[in-house]
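Q: Give me a 3D structure for the following:
(4 chains)
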Amino acid sequence: MEEDPLLTITDLRIEGRSGELWHPIVKGVNLSLRRGEVLGLIGESGAGKSTLGLAAMGFARDGCRIAGGSIDFDGINLRTAPEAQRRSLRGKRIAYVAQSAAASFNPAHKLIDQYCECPVVHGVMPREQAEADAFELYRRMRLPNPEAIGFRYPHQVSGGQLQRAMTAMAMACRPDLIIFDEPTTALDVTTQIEVLAAIRDIVRQFGTAAIYITHDLAVVAQMADRIKVLLRGHEVEEADTRSMLAAPREAYTKSLWAVRSFARAERPPATGTPVVSVRNVTAGYGAVDVLKDVSFDIHHRRTVAVVGESGSGKSTTARVITGLLPPRKGEVLFNGKVLPPNFKVRSREELRQCQMIYQMADTALNPKLRLRELIGRPAEMYLGLKGKALDSRIRDLLALIELEPDTFIDRLPSELSGGQKQRIGIARALAAEPQLIICDEVTSALDQIVQEGILKLLDRLQAELNLAYMFITHDLATVKSIADEVVVMQRGVVVERGPKAALFAEPKEEYTNLLLSSVPEMDPDWLNRLLAARAGQ
Amino acid sequence: MHGIWTMIRQRLLLGMLTLFIISAVIFGATELLPGDLARELLGQSATEETLAALREQLGLNESAPVRYWNWLTGVLHGDFGMSMATNKPISELVGTRLGNTLFLALYAAALAVPISLTLGVLAALWRNSIFDRASNALALTAISFPEFFVAYILILWLAQSGIFPSMVRMTEATTTLDFLYMAFLPALTLTLVVTAHMMRMTRAAIINLLASPYIEMARLKGMSPMRVVLRHAVPNALAPIINVVALNLAYLITGVVVVEVVFVYPGLGQLMIDAVTNRDIPVVQAIALIFACAYVLLNLLADVLSTITNPRLMHRK
Amino acid sequence: MPILFSIVVGIALFFMIGFVARALLQAFAPAHLKPTFRDTPLTACFGLSVILLYVVVAIFAPMIAPFGEGEVLGAQFLPWASPHYLGTDKLGRDMLTRLIYGARNTVGIAFATTALSFFVGSFLGIWAALAGGWLDQWLSRFVDALMAIPALILSLLLLTIFGTSVLTLILVIAAVDATRVYRLARSVAQGIVVMDYIEAARLRGEGMWRLVRREILPNAVAPLVAEFGLRFCFVFLSISALSFLGLGIKPPTADWGSMVRENATLITFGDITPLLPAGAIALLTVAVNFVVDWQLHRASGLKE
Amino acid sequence: MTNHLIGQGGMTRRGLLKSSMAMTAAGLMLPAGMAMAQAEPKKGGTLRIGFNSGSTVDNYDPGVWDTNFVQVFAQARHNYLTEIAADGSLVGEVAESWEASSDATTWTLKIRQGITFHSGGTLTADDVIASINYHRGPDSTSAAKPIVDPIVEMKSDGPNTVIVTLSGGNADFPYLMSDYHLPIMPAKDGKIDPTSSDGCGPYKVDSFEPGISASLSKHQGYWKTDRGHFDGLLLLALPDPVARQNALLTGEVDVINQVDLTTVSMMARNSAIRILSVTGNQHFCFPMDTRAAPFNDNNVRLALKHALDRQEMVDKILYGYGAVGNDNPIGPTQQYYAADLPVNSYDPDKAKFYLGQAGLTSLDVPLWVAEAGFTGATDSGTLYAERAKAAGINITVERAPNDGYWSNVWMQKPWCASYWGGRATCDWMFSTAYAAGAPWNESYWDNERFNTLLLQGRSELDDAKRGEIYHEMQAIVSNEGGVVIPMFASFVMGVSNAVATPDVVGANWDLDGFRAVERWWFA
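A: Model (predicted):
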């Protein structure tokens, strides 16, 4: 406790540029970190977490600048130190683990080459030694055949493994400090467990200090000794993990804590003809079958959650229903009537009835169109609305998704936050006044508070417009909160399906169980217990 | 690896198709041209009877489709036929000139490619610096001058002072070294003409990537800007760069008529213009096909290279 | 020395124009554009003002020009002095006047040509990318074939067949350019058609025309604009290259390409007459591309 | 693209028929050109000439030569029956002497003895007959066919006599035989080989790359001991004016033709070279289709003839290297040149007046031009149009592509640009381009009086009478002809000071009547 801290940040202010204007991103944050200590930084996107994390390396993204305050790393003032000196620190004494390893590994080079770059360029150790060392670290990170995996290219390695490889890379020079920037956000729950465990162990083994940035409380609870909560560039509060979890002081923190409490009552079992029923569908690309004999129904005013990890065939099912991928076998019924397998031959009416909301609002909304057109187009097309009528309809829709019409109607997607974009996605789907909406991972890219907002919205709309939802997700927390029925998929097969309560209460299938157990909980000891439990089996 | 071979095979087949279309287009076009070989040969002095006689001799009285068919079958048997105007075998006519053209193209490329890539990389490295803007402006100025004008200016500066010859005279005695010396000005002209395009593309391709996460990662690993660009950006920017280089190489082979004229360089371009103006269709066809081949092959090469240099395509999962 | 001097003057001018233009832009730009202009780089301001100048000259040529376009006023190659501030050409026509009208004709033609080629090229390119299949194959093969024929030769053929009126000139050069544009547009569009919002639009049942026009084109604009900048200027070159083969704009119409061609031989004796039209072309090229670069930079969102 | 017309330049005709023997003597004792050469020329050296022409389709076939590259190349390796001397007089070459029957229909040519071909054989009458016959006959593809058409029979009388019978009397026959299409080539069983370079000229071919260059070396057995001074020749095709002029300035060649007039003045400042310019019969013109309106009205033609400033054209198009033309194809150097004809000067009012006569107040006519027509045609057209405005005549200059100009524009469009190398004799010039029905009567002109005079003139043997006839014909052409002839263009050559040229340089063709290779030497 008494030894002087490794990193001290005082009254740090960082500004970002839009045009010639500089607006504050981080507004006077203090931070101090002792050797071997892990600090959790949480907050929603835009809270300045990453910016702060990078600042700890004396680094500011293009278009950002460190406007005030001081950053002292082990006696070196990172603000005044010459770039060359700062560079010599990065990768060597302060390392960084990025959110998406898939994107942050250079696709042109083998993992091992990228691993060795730091030690060799910084002159820590020669190439041979570095390689040997890499194998060692890969092993410790529990990567499969550590001697070989390094000689693969990033695209040949799965996301979870990449994330671990990147952590290993960060460790290459045995830095004093590592910045983890949402390292597990992009991963499936089951993989997340492994990565979390691996990261935590290695950090402890080397006694490396770390700043762990995330928006997921449950995760940070497992990793951090202390937690600092950020909100729009301000520090909300800081405390050691357990007391913070036990007794959050600030309202905002409390609200964060509350997020996971949202869950709505399961509706009574459905009756009558389902809006959509998928009958023994087998489909795939080329020779391989991605879906094998999949069947399930979706009824009015009910939400069917299709869960499973990436590659389990969730999205493919959606493509079959929308008609993008005509099935090899089986059929899709809409209100008891068989839909043409290919969307090209479906009637406008059929197209209108089934709308889709995508995971990535960024790629799902044409960046060059204004909201007026984005939302208005379906209404114009399907309902033939024009001029005044169209305009008022657009405004209604905006109001419906809780966006102030006058301020938003003429904005471009780029002028919206992630959550707002997703709301536009919803509005666009609603504009067609469909019976079924397919939500493909609609919340997984969002902060939890925002997620909750969206979920609540969807729930409300379902009640008001009695829609049927097909809800594709890998996040069981979401399932818990809004699903009526659950369809669990694995490798293209429906493993288990049934009402939410029943299925969560006593999962019949091993895999379902695995999924459920992998959902992080707020309890700091959850991870240990889980690992222990699994080791026990 | 095997993927590449199939790709090459397909592309070669498509190339064949392209060549066929071209031969048809060219033939059609030359058919539509007013006047014919006989007229052009006899020029103003032609009288109807002499024309008739000459047409008879040259077999121009055959209908167009028949002549095209004869030509095509000939080519398919590897016989490009005789030049009608000089009645020499086309192979002989084209042979040396093809060599010259290729040599000049290579020469120019050898100058242009390194220069423009270096400039492009540096411009990307020091983007928005004075260097960047200046090199950009210079390059643009260079391409906005017509080729012959660039050539004249070079002649003014480098030839009249006697530093370099302004014309290329090749004899049996000419050694490669002399050749490089004599052909310097034409090569330099072409370099100036193509550099800008390649340089700008290189710069753009690299800058495109600088926003990507792995570049930030590289910087966060404490790599120097130079290393970031060279080792992390360039390998991922290769595809567009390779393509623009290929495109310009194709231009260097097919598009240098003007330079040939100014520097009295015996290349294919001049031959083709002459053949067109003389309606010497077999020659036009032959050269057009050669150019087309160059174009097709270069594009193929570009695609192969960008495949090879892209791990995602080379090493499947 | 004179070269050095002129370079210095040139740079000085560049900055002066740049600053002034920026000041003016900020002063008079409509409110919502002000922020855009506030961070406009000098180069772009310079480019904008030069383009503006050209446009003004082009439009008001008859009012600005001291003499008539084809008017023969006196001896040939008069020195630079009042009333012929840039001297006279080989027929004794006022050089300045010719330059001014040249702006009108050349820029006009170049613009028409490029616009046309881009309209055709990008539409076909995007369509091919969107439709895929045999349509894509055949279009691409055909375009490949055309591109494999040297542009100069192709234009020579076409122009000799269809004659050399300004219209055919525009059509032919546009046709030749369109192949290049097609290629670019197609490759760009291929990157866009895989986007979710295109899938969404298709699922909505949008028609081809709408997909091309509203969904894809707006997103393909940036690279197309970049190409536009270069192609636009290459048109001048095509024209002068064609006048090299005796095809070109019909006299006494003044166009820079031909003017360079006519006077080019003088340069070999250090007479700078041909530098005037050539310089005019170069200046425009640089200006246009400065603006284009700026636009690209903004589009790319790369902040620096 | 260049299209020279068959023929040759101005000359005097001192009593042709009276004294063909004397001529022969002259031909024997002091071959033409040398007569006035001041210093005894040095032998040796390789002359390098840069030509404005030269195409990849150039070849050895005499029937299709049409650019000055091949023309000079031909004169370098071949001899002809007769030669136009630098002063314009006619001298014998292969033909030692000639005699005509009184009606000038039968010609007896004495063939010079002891002339050897490069391949070694000796030239005989049969070679002559075969060489001329190559251009005759129904299946002839030769451009010279019209020249030899009047020949009804050619027979040899012994190894060195040829007797030619013509369909009609033609006093100018010996001149025709100097045409550059008619070289004497070795015959093999009555036929010449049009693909062989073999000849009896001063130089023999070492190498020839069409469109690039030709190199020749001295023909040791050449019969003219006082001609062909160079050891060798290097003929280069340098179509680009700058390349050409630069080659001369940097000493890469010794002589260039068709100096770019735009820069000739600057080039002349260079002390190492000199500009050589001779004015002959080559003239630039704008033929009108006299069958088609409005050109079928002579008033319109006259209006147009008064609507252009000829002097300005000479100054601005030819940069002074030429002479004003008076719509009369006969050049000032020719014997029968009518110097006293009224001059068609630039006079808008007169033009207006003639328009009035034609019942017009204004006139709109298109004029087709291309550099192929003649160098500077486009600019000439522009000037013409500019000046014609004053006379209420609105000429729209239509720029046609060089490519195919002679097939698609010339004699197809009602009014276009054209040019003539000129003809050695009035008769030849007129009967080629002005006689009714002549294949190249580019104005489709048909003037009764003119046509009858033409026939009279051809068979008229008395100089004085001929003079009157041709004077009247020139007057008619100038006043009623369908061709506007604004200027006579000089041949402008750049010559290195290392090269010596005779005082009198041939004006009938470029490069000393194509004979520079034979007549010039290194100082």
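
Q: could you point out where chain B is predicted with low confidence?
A: B:1-2, B:34-35, B:39-47, B:58-59, B:316-317 (pLDDT under 70).

Q: Just want the phi and psi numbers for residue D:419.
A: Backbone torsions of residue D:419, given as degrees, to the nearest 10, read phi -150, psi 160.

Q: so what's it closest to, chain neighbours aside?
A: Distance criterion Cβ to Cβ, 6 or more residues apart in numbering or on different chains; nearest residue to residue D:419, sequence neighbours excluded, is residue D:374 at 4.0 Å. All C-beta spots, glycine's among them, are computed from the backbone N, C-alpha and C.

Q: residues in contact with whichever residue of the stretch 151-300 of chain C sits closest to chain A?
A: Residue nearest to chain A within the stretch 151-300 of chain C: residue C:218 (3.4 Å; Cβ to the nearest Cβ). Residue C:218 makes contact with A:366, A:368-369 under the criterion Cβ atoms under 8 Å, 6 or more residues apart in numbering or on different chains.

Q: which one among the residues you listed gets closest to residue B:175?
A: Using Cβ to Cβ, the shortest approach to residue B:175 within those belongs to residue A:368, at 59.7 Å.

Q: What's the local residue count around that closest one?
A: By other Cβ atoms under 10 Å in any protein chain shown, the residues close to residue A:368 number 18.

Q: I'd like to know how far the closest residue to it other than its chain neighbours sits from residue C:208.
A: Once flanking residues are discounted, residue A:368 sits nearest to residue C:218: 3.4 Å by Cβ to Cβ, 6+ apart. Distance of residue C:218 to residue C:208, computed by Cβ to Cβ, to the nearest Å: 16 Å.

Q: again with residue D:442
A: 57 Å.

Q: hmm, who's touching stretch D:60-71?
A: B:41-45, D:2-4, D:51-55, D:58-59, D:74, D:131, D:134-135, D:140-144, D:180-183, D:185, D:194-197, D:235, D:237, D:257, D:509-511, D:514.

Q: Nearest to chain D within the stretch 101-250 of chain B, name that residue for me.
A: Closest point on the stretch 101-250 of chain B to chain D, by Cβ to the nearest Cβ, is residue B:166, at 4.7 Å.

Q: Could you pull out the helices in the stretch 1-150 of chain D for me?
A: D:20-29, D:68-77, D:125-133, D:145-148 (DSSP state H, counting those that start in this stretch).

Q: what about residue B:127, is that helix, strand or coil?
A: coil (DSSP: H, G, I helix; E, B strand; the rest coil).

Q: Tell me how many other residues crowd residue B:281.
A: 27.

Q: before we move on, what about residue C:221?
A: Residue C:221: 16 neighbours (other Cβ under 10 Å).

Q: That one and residue C:128, how far apart?
A: Counting by Cβ to Cβ - residue C:221 and residue C:128 are separated by 18 Å.

Q: In CSV, could you pull the C-alpha coordinates for stretch D:402-413?
A: Provided in CSV are the C-alpha atoms of stretch D:402-413 (Å, rounded to 0.1, in the frame of the first residue of the first chain):
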residue,chain,number,x,y,z
ASN,D,402,-6.3,13.3,-92.2
ASP,D,403,-7.1,9.6,-92.3
GLY,D,404,-8.8,8.9,-95.6
TYR,D,405,-8.9,12.5,-96.7
TRP,D,406,-8.1,11.8,-100.3
SER,D,407,-10.7,9.1,-100.5
ASN,D,408,-13.6,10.7,-98.7
VAL,D,409,-13.2,14.5,-99.0
TRP,D,410,-11.1,15.3,-102.1
MET,D,411,-13.3,15.4,-105.2
GLN,D,412,-16.2,14.2,-103.0
LYS,D,413,-17.0,17.4,-101.1
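
Q: Hmm, residue C:239 is touching residue C:257, no?
A: Yes: Residue C:239 is in contact with residue C:257 according to Cβ atoms under 8 Å; the separation is 3.5 Å.

Q: Report the central residue of chain C.
A: For chain C, the residue nearest the mean C-alpha position is residue C:232 (2.3 Å; Cα atoms, centre = their mean).

Q: what sits against that residue?
A: Contact analysis of residue C:232 by Cβ under 8 Å, 6+ apart lists C:110-111, C:114, C:288.

Q: Would you check that residue D:347 makes contact with residue D:306?
A: Yes: here residue D:347 reaches residue D:306: they are 4.8 Å apart, a contact under Cβ under 8 Å.

Q: more crowded one of those two?
A: Set residue D:347 next to residue D:306 and count neighbours by other Cβ under 10 Å: residue D:306 wins out with 21 against 17.

Q: Just confirm residue A:31 is within a strand.
A: Yes: using three-state DSSP, the assignment for residue A:31 is a strand.

Q: Show me what it is bridged to.
A: With DSSP bridges as the criterion, residue A:31 is bridged to residue A:9.

Q: roughly how far is stretch C:79-93 from the heart of the chain?
A: Computed by Cα atoms, centre = their mean, to the nearest Å, the chain-centroid distance of stretch C:79-93 equals 28 Å.
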